[in-house]
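Chemist: only the shape, not the letters, is given here:
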Ligand code: ACO
């Protein structure tokens, strides 16, 4: 008889942080040709939080991480891997934002790296954390989604500046031998043929920083909004159905459907396709806008802090972003209340 005890990955704790300054739809009305009514009707967004000039992505991440570490009942020294999902790193080349976060938290001599999958970054990171833990290589992963998205937004472009906000979410993904706590499944995918749907053309090897690049505004996010919208609805509807069918779970068993918070209409279309009730769908887009990789952990933290998220509750995560990338995950929450 073998004594082998399988090890699973579980979400042990969650935390989040938003900078205090709010940019409302009426503020944006004074900056570009738009209206509160248009933004609300087309996106569901009322306001978003914006970090001050001297605040970096790592600062947002550190605040979120402190909460997650404390709620997991561990010390920073117990963490053996730090992953930060972001497309707005402190520095575009090096050092990684994860290294800076680790240093600020006093986590030393452990593996730390960033991943780039735009809005899908947190769920992509979850799949990496799961693989590290289930292979036995790591025990406590600090997984962060953090963005200072305002740093790559052109506040003269009404088609994008109304959408995005700043914030961070962090989770502790730990090893467990209790199968009822395990992350059940993660599906993550990409299609680079749509890379021009959502991109920041500079800085990078295609467009290194030059005066001309800056004058053309290539450092700002560009999006084919309507094309992205249609593809998001189609892809996500298919993806969530597949992950549920693959695991023999019906949608009425989902306690919290936590979608990427890009647009209320995308969330509603996917929720309707699964015949979800309103109380199953988590919506934070109205108050935070689209915070890219931070959006899902921030939404999980919202229901945690409001007391709605209990130990054992089943969550369905689902996201779509630049790349194009998309991902979904099925997992119970295994944190303390
Ligand atoms: N205020 C007023 N009018 C506007 C604004 C604005 N802020 N923005 C665009 N318009 C106008 C357009 O100019 C257009 O006018 P026209 O008909 O005269 O040409 C009209 O509104 C319709 O524009 P669309 O782009 O077709 O509007 P749509 O209904 O598609 O909404 C939106 C735009 C909100 C951007 C939507 O397409 C969307 O949410 N897209 C998906 C975003 C997403 O999911 N991204 C992926 C994740 S993000 C990431 O990975 C970082």
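Modeler: Received it, and whenever you're ready, just let me know what you need. All values derive from a computational prediction rather than experimental measurement.

Chemist: checking residue 219 next. Helix, strand or coil?
Modeler: Using DSSP: H, G, I helix; E, B strand; the rest coil, the structure places residue 219 in coil.

Chemist: next one: it from residue 33, what distance?
Modeler: 23 Å (Cβ to Cβ, to the nearest Å). C-beta coordinates here come from the backbone N, C-alpha and C atoms, glycine included.

Chemist: neighbour-wise, which of the two wins?
Modeler: Taking other Cβ atoms under 10 Å, residue 219 and residue 33 do not tie; residue 219 has more neighbours (18 against 8).

Chemist: model confidence for that one, exactly?
Modeler: On the pLDDT scale, residue 219 is placed at 97.

Chemist: now do the spatially most central residue of the chain against the ligand, distance only.
Modeler: In the chain, the residue lying closest to the centroid (Cα atoms, centre = their mean) is residue 293, at 2.9 Å. Applying Cβ to the nearest ligand atom, to the nearest Å, the value for residue 293 to the ligand is 8 Å.

Chemist: for residue 143, same thing?
Modeler: From residue 143 to the ligand the distance is 18 Å (Cβ to the nearest ligand atom).

Chemist: I'd like the numbering to begin with 17 instead of 1 from here.
Modeler: With 17 as the first residue, the last one maps to residue 159.

Chemist: now do the SS call for the nearest residue to residue 47 once chain neighbours are set aside.
Modeler: Spatial nearest neighbour of residue 47, chain neighbours left out: residue 171 (5.7 Å); criterion: Cβ to Cβ, 6 or more residues apart in numbering. Secondary structure for residue 171, judged by three-state DSSP, is coil.

Chemist: pretty sure residue 56 sits against residue 45.
Modeler: No. Counting by Cβ atoms under 8 Å, residue 56 does not reach residue 45; the two are 11.8 Å apart.

Chemist: is it true that residue 179 touches residue 59?
Modeler: Yes. Between residue 179 and residue 59 there is a contact under Cβ under 8 Å: 6.5 Å.

Chemist: need the overlap of contacts for those two.
Modeler: Taking Cβ atoms under 8 Å, 6 or more residues apart in numbering as the criterion, residue 179 and residue 59 both touch residue 279.

Chemist: and the stretch 67-216 of the chain, which residues reach the ligand?
Modeler: Within the stretch 67-216 of the chain, the positions near the ligand by Cβ under 6 Å from any ligand atom are 134, 135, 174, 175, 178, 214.

Chemist: got a winner among the residues you listed for most neighbours?
Modeler: residue 135 (32 neighbours).

Chemist: contacts only, for the closest residue to that residue other than its chain neighbours.
Modeler: Distance criterion Cβ to Cβ, 6+ apart; nearest residue to residue 135, sequence neighbours excluded, is residue 337 at 2.8 Å. Listed by Cβ under 8 Å, 6+ apart, the contact set of residue 337 reads 133, 134, 135, 136, 137, 214, 276, 278, 308, 309.

Chemist: these in strands, which ones?
Modeler: residue 214 (DSSP state E).

Chemist: can you list the contacts of residue 337 in CSV and add pLDDT?
Modeler: Converted to CSV, these look like this (pLDDT from 0 to 100):
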residue, pLDDT
133, 97
134, 97
135, 97
136, 98
137, 98
214, 96
276, 97
278, 96
308, 98
309, 98
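
Chemist: low-confidence stretches in the protein?
Modeler: 17-18 (pLDDT under 70).

Chemist: wait, residue 116 sits on residue 106?
Modeler: Yes. Contact status for residue 116 versus residue 106: in contact at 5.5 Å, counting by Cβ under 8 Å.

Chemist: okay, and the common contacts of those two?
Modeler: Common neighbours of residue 116 and residue 106 (Cβ under 8 Å, 6+ apart) are 72, 74.

Chemist: how about the longest helix seen in the chain and the ligand, touching?
Modeler: The longest helix of the chain (DSSP state H) is helix 241-262. Yes. Applying Cβ under 6 Å from any ligand atom, one finds helix 241-262 touching the ligand at 241, 242, 244, 245, 248.

Chemist: buried residues in that helix, which are they?
Modeler: 241, 244-245, 247-249, 251-253, 255-256, 259-260 (16 or more other Cβ atoms under 10 Å).

Chemist: which member of those is positioned nearest residue 153?
Modeler: Nearest to residue 153 out of the buried residues of helix 241-262 is residue 259 (Cβ to Cβ; 25.2 Å).

Chemist: not counting its neighbours along the chain, what's nearest the closest one?
Modeler: Using Cβ to Cβ, 6+ apart and skipping residues adjacent in sequence, the residue nearest residue 259 is residue 344, 4.7 Å away.

Chemist: so who does the one you found touch?
Modeler: Counting by Cβ under 8 Å, 6+ apart, residue 344 has contacts 139, 202, 203, 252, 255, 256, 258, 259, 332, 333, 334, 335.

Chemist: can you list the strands that the helix or strand that contains it pairs with?
Modeler: In this structure, residue 344 sits in strand 341-348 according to DSSP states H and E. Within its sheet, strand 341-348 is paired with strand 201-206 (antiparallel), strand 330-337 (antiparallel), according to DSSP bridges.

Chemist: need the winner for burial among these.
Modeler: Among the strands paired with strand 341-348, strand 330-337 has the highest mean neighbour count (mean count of other Cβ atoms under 10 Å), at a mean of 26.
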